[in-house]
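Asks: Quick one, what's the 3D model for this:
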Amino acid sequence: MFYEPKKKNHGLAKNPFNSLVIPRPIGWISTVDPKGVLNLAPYSFFNAVCYSPPTVMFSAGIGSANDRTKDSARNVENTGEFVCNMATWDTREQMNQSSATLPAEVDEIALTKLTPVPSTMVSAPRIAEAPVHLECKYLKTVEIPGWNKTDIYKIIFGEVIGININDDFITGDGLIDIGKMKPIGRLGYNDYTKIDFDSIFTLDRPD
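Replies: Modelled structure (predicted):
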């Protein structure tokens with residue numbers, strides 16, 4: 001089959017695009033607003049974009065009817081900081097719960113009964129239950145034009161200035177034990193995937 005996304009002429013039950021770029025890592029973004037209200041939300045349009053300096057991005061769509069900006073994007077732009085927490089199999093339910101559309105004054109960390117802990121280099125909190133935290137300094141926002149005036153997409157870039165790794169997930173050889181961490185990723189629709197010992201394989205790069 002062939003279809004043109006703008007024409008939406010795929011003829012399928014749901015738009016298949018999100019099921020074609022998979023699996024996508026989940027950026028579980030924690031922020032704090034200028035008034036001190038904490039925010040936590042997962043973004044599956046998230047990834048690392050370069051190595052030196054280590055830089056990540058997440059893409060936030062439209063927000064509330066009032067300002068059309070997601071709380072995470074607004075907080076990052078206002079404070080210049082955020083933390084990316086690794087979402088895992090053990091925190092899947094809380095991650096999903098934190099994706100709810102809620103008023104800006106709602107603290108999703110408290111709502112999901114997770115534990116905020118102070119970061120080392122930024123004011124945004126880390127999530128204690130996450131095995132990895134990337135403390136980020138805001139770099140810039142790139143807006144992607146939508147097909148109509150109601151489509152607003154902001155790509156938020158942040159330099160990773162501090163990294164926290166739970167020592168329980170570092171092997172004796174000094175490697176990260178991904179199979180033990182069991183990070184989760186986003187597929188299409190409402191589906192996710194889990195990385196564990198059974199799903200990991202190794203390929204040596206050619207010379």
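Asks: tell me the centre residue of the protein?
Replies: Nearest residue to the geometric centre of the chain (C-alpha atoms, centre = their mean): Gly27, 1.3 Å.
Asks: and the residue nearest to that residue when sequence neighbours are not counted, what pLDDT?
Replies: Using C-beta to C-beta, 6 or more residues apart in numbering and skipping residues adjacent in sequence, the residue nearest Gly27 is Phe46, 3.0 Å away. Heads up, the C-betas are built off the backbone N, CA and C, glycines and all. The confidence metric pLDDT takes the value 97 at Phe46.
Asks: for the one 5 residues further on, same thing?
Replies: The per-residue pLDDT reported for Tyr51 equals 95.
Asks: ok, now how distant is it from Ile163?
Replies: 13 Å (C-beta to C-beta, to the nearest Å).
Asks: sorry, back to before: quick one, what contacts the residue nearest to the centre of the chain?
Replies: By C-beta atoms under 8 Å, 6 or more residues apart in numbering, Gly27 lies in contact with Pro42, Tyr43, Ser44, Phe46, Asn47, Val56, Phe58, Cys84.
Asks: number of nearby residues for the second one?
Replies: Here the number of neighbours of Tyr43 (other C-beta atoms under 10 Å) works out to 24.
Asks: From what I see, it and Phe58 are in contact.
Replies: Yes. The pair Tyr43 / Phe58 is scored as a contact, 4.1 Å apart, by C-beta atoms under 8 Å.
Asks: any shared contact partners between these two?
Replies: By C-beta under 8 Å, 6+ apart, Tyr43 and Phe58 have these common neighbours: Gly27, Ile29, Ser72.
Asks: This completes my enquiry, with thanks.
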